[in-house]
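Student: coords below, sequence missing:
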C-alpha cells in the first residue's frame, strides 16, 4: 500500500474507503453510541484494519487502525453482555490471528470496559 502523506492520512483513506459499504458510522463519540452503533463501529474498524493489512500497509498505519478497533471493542464490551459472552464462548473473531496472546489481550481489554 502506498502511504499518502503521513500514516494518519493513510489510515483516514482506508477508513473512508470502508464507509462506502453498509449503513455508515454514527458521527458520535463511542461513549454516546447505542449498542447497534457500536457494533457498526467495531465492524468498520475490523474492515479497515483487514483491508490495510491485506494491502501491506505500514506498521504505523496498522497500529492506528488497531487502536480504532481496540477502542470500539472496549466500548462494545462495556455496553453489551451478549458481546462479552461471545468472547468467553470463543465465538468472537478477534482482530488478527487467534493466538493465546491475542485472546488473552482482548479478554483483558473487555474486563477494563
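Tutor: Here it is on my side, so go on. Nothing here was measured: the structure is a model prediction, and the numbers come from that model.

Student: make it CA atoms for all contacts and neighbour counts henceforth
Tutor: Will do.

Student: mind listing what residue 94 touches?
Tutor: With contact set as Cα atoms under 8 Å, 6 or more residues apart in numbering, residue 94 has these partners: 102-103, 106.

Student: Swap in 10 Å and give it another go.
Tutor: 46, 69, 73, 87, 102-103, 106 (Cα atoms under 10 Å, 6 or more residues apart in numbering).

Student: okay, it: pLDDT?
Tutor: Looking at residue 94, its pLDDT reads 86.

Student: just for this protein, where's the confidence low?
Tutor: Counting by pLDDT under 70, the chain has low-confidence residues at 1-4.

Student: can you pull out the helices in it?
Tutor: For the chain, applying DSSP state H gives helices covering 7-18, 35-54, 59-79, 81-88, 100-111.

Student: Compute the inter-axis angle for the third one and helix 35-54.
Tutor: Note on geometry: by axes from the mean of the first three to the mean of the last three Cα atoms, to 10 degrees, helix 59-79 and helix 35-54 are set 160 degrees apart in direction.

Student: residue contacts, the residue nearest in space to the middle of the chain?
Tutor: Nearest to the mean C-alpha position of the chain, by Cα atoms, centre = their mean, lies residue 69 at 2.1 Å. Counting by Cα under 10 Å, 6+ apart, residue 69 touches 41-49, 63, 75, 94-95.

Student: Could you check how far it is from residue 5?
Tutor: For residue 69, the distance to residue 5 equals 22 Å [Cα to Cα, to the nearest Å].

Student: Equivalent analysis for residue 24, please.
Tutor: Distance from residue 24 to residue 5, by Cα to Cα: 25 Å.
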